[in-house]
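Student: Whatever this is, show me its structure:
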Amino acid sequence: MAGDHGIVALVRFLEHKFMDDLPEMKGDKNFIVDHFTSISVIAKLTGTDFEGAVKKFHRVLDEHFSDEDEIVMPYDSEFYCVEKW
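Tutor: This next block holds a predicted model:
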């Protein structure tokens, strides 16, 4: 199995929760790109790799949104609580 390093963790499922009523993220294309490139794997890139990723992100958004559009992204969060055996 990919990523398997011979470590087996046994856990017991305790609870699954949905977080309701979380605020939506709103902003223009630059806000969205700045947000996701600062918290995702893109943030780990450097130099031309980072710049290329940002350009691709902008290309995708440009296909769907104008510069004046406010982009609204609702949050859906789930939590899985487990207990290590």
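
Student: mind listing what's buried in the lengthiest helix in the chain?
Tutor: When the chain is parsed with DSSP state H, its longest helix is helix 47-64. For helix 47-64, a neighbour-count test (16 or more other CB atoms under 10 Å) marks 53-54, 57, 61 as buried. For the C-beta atoms, the positions are set from N, CA and C on the backbone; glycine is no exception.

Student: Which parts of the protein are strands?
Tutor: 11-19, 25-27, 71-73, 77-84 (DSSP state E).

Student: CA atoms only: put the longest helix of the chain into PDB for me.
Tutor: Output of helix 47-64 as PDB, limited to C-alpha atoms (Å, rounded to 0.1, in the frame of the first residue of the first chain):
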ATOM      1  CA  GLY A  47      10.200  30.400  -7.200                       C
ATOM      2  CA  THR A  48       8.900  29.500 -10.600                       C
ATOM      3  CA  ASP A  49       6.900  26.500  -9.200                       C
ATOM      4  CA  PHE A  50       5.000  28.700  -6.900                       C
ATOM      5  CA  GLU A  51       4.400  31.400  -9.600                       C
ATOM      6  CA  GLY A  52       3.300  28.700 -12.100                       C
ATOM      7  CA  ALA A  53       0.800  27.300  -9.600                       C
ATOM      8  CA  VAL A  54      -0.600  30.800  -8.900                       C
ATOM      9  CA  LYS A  55      -1.000  31.400 -12.600                       C
ATOM     10  CA  LYS A  56      -2.900  28.100 -13.100                       C
ATOM     11  CA  PHE A  57      -5.200  29.000 -10.100                       C
ATOM     12  CA  HIS A  58      -5.900  32.400 -11.700                       C
ATOM     13  CA  ARG A  59      -6.600  30.700 -15.100                       C
ATOM     14  CA  VAL A  60      -9.200  28.500 -13.600                       C
ATOM     15  CA  LEU A  61     -10.900  31.300 -11.700                       C
ATOM     16  CA  ASP A  62     -10.800  33.500 -14.800                       C
ATOM     17  CA  GLU A  63     -12.800  30.900 -16.700                       C
ATOM     18  CA  HIS A  64     -15.700  31.200 -14.200                       C
END
